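1. here you go, sequence then predicted model.
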Amino acid sequence: MISRFWTDKGFVPTYYTFYGIIGMKRILLCPPDHYDIEYEINPWMHMENKVDQRASHESYNLLKNLYTTLGVEIFEIPQGVGLPDMVYTANFGYVKDEKFVAASFKFPQRRAESLLASTFLKQKFGYETVSLPEGIFYEGQGDLLSDGKRFFFGWGKRSDREAKPYLESALDADLIDFELVDPYYYHLDTCFAPITSELVVMNPRSFTPHGKKQIHELFTDVIETSEEDNHYLACNLVRVGEDIVVGKGVTQTFKDAITAHGYRVHEIPMAEYLKGGGSVKCCSFEF
């Protein structure tokens, strides 16, 4: 449920979930001051395909400004030198009840990111950090999503299925898990977007037959993305109230399917971030 209240930014959304009133939507971003392709850890990444620094900053500022216009409270964490993927803040971990469940990254190149995020969230908000046992991988909101009522967990490419009971304990909630089978859609947020408890966007090529069947049973409305939409990571979207923010390039068919449910669609050019295998949601740590 969404209502609106007045601030100096005008009327902004207030969100109600089964946890209670959570106030303005908050998103943690990371300016791309050191973003580039310095290694290859997913099929999107090619070291010869370097990032256009000017374009990456332009896209970042467009995303930040749009969120601000939509009433989101924005926070920014400085990018660590030698951590080019830190711009994908969604992978840092997951916040619930003032606890930060820190990511345990599969690849060593990214492991310092969750430590910096933990320090930032502790100093800024006083969040307690919860860590999984060593050697059990889970990559934050990349593989852990919620529709406000249920939690969904993706495993098989970056996160381990063995992480599930530890996450359930940390969140004090049950997780519905899916095996991810396509290396191009290596995180759950690249192929699955639960917009509400009834409506979901899903890339069908990313799931097993059982997983696809399960998704259709869990949601009354399922928008399946096309191959063209998948090139732009259409599932990697962020909802802000009645607005959906997605990477530029998705098809009109996809946008029509979203607007048919009463949402406004906003496109942000994310071509530089696609080089690293991410789009809008990957760059947006929601808490």
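-> Yep, it's here.

2. show me where this structure has its helices.
-> Secondary structure of the chain (DSSP state H): helices located at 53-69, 111-125, 164-171, 209-218, 227-230, 252-259, 271-274.

3. what sits against Trp44?
-> Counting by C-beta atoms under 8 Å, 6 or more residues apart in numbering, Trp44 touches Tyr184, Leu274, Lys275, Gly276, Gly277. In short, each C-beta sits where N, CA and C put it, glycine included.

4. give me the nearest residue to the first one, chain neighbours excluded.
-> The shortest distance from Tyr184 to any residue other than its chain neighbours is 5.2 Å, reached at Pro43 (C-beta to C-beta, 6 or more residues apart in numbering).

5. where does that neighbour land on pLDDT?
-> Looking at Pro43, its pLDDT is 98.

6. compare the contacts of Trp44 and tell me which is most surrounded.
-> Gly276 (25 neighbours; other C-beta atoms under 10 Å).

7. Ile37 is in contact with that one, correct?
-> Yes: using C-beta atoms under 8 Å, Gly276 is in contact with Ile37, at 6.3 Å.

8. give me the common contacts of these two.
-> Shared contacts of Gly276 and Ile37 (C-beta under 8 Å, 6+ apart): Met45, Val51, Pro84.

9. what is the nearest of those residues to Glu58?
-> Checking the shared contacts of Gly276 and Ile37 against Glu58 by C-beta to C-beta gives Val51 as the nearest, at 12.0 Å.

10. report how many residues lie close to Pro165.
-> For Pro165, the neighbour count with other C-beta under 10 Å is 11.

11. residue numbering should commence at 509 henceforth.
-> All right, first residue 509 from here; so that's Pro673.

12. quick one, what contacts it?
-> Applying C-beta under 8 Å, 6+ apart, no residues contact Pro673.

13. what's the answer for Ser567, then?
-> Ile776, Pro777, Met778, Ala779, Glu780, Tyr781.

14. which of these has the largest number of neighbours?
-> Within the contacts of Ser567, most neighbours by other C-beta under 10 Å means Tyr781, with 28 neighbours.
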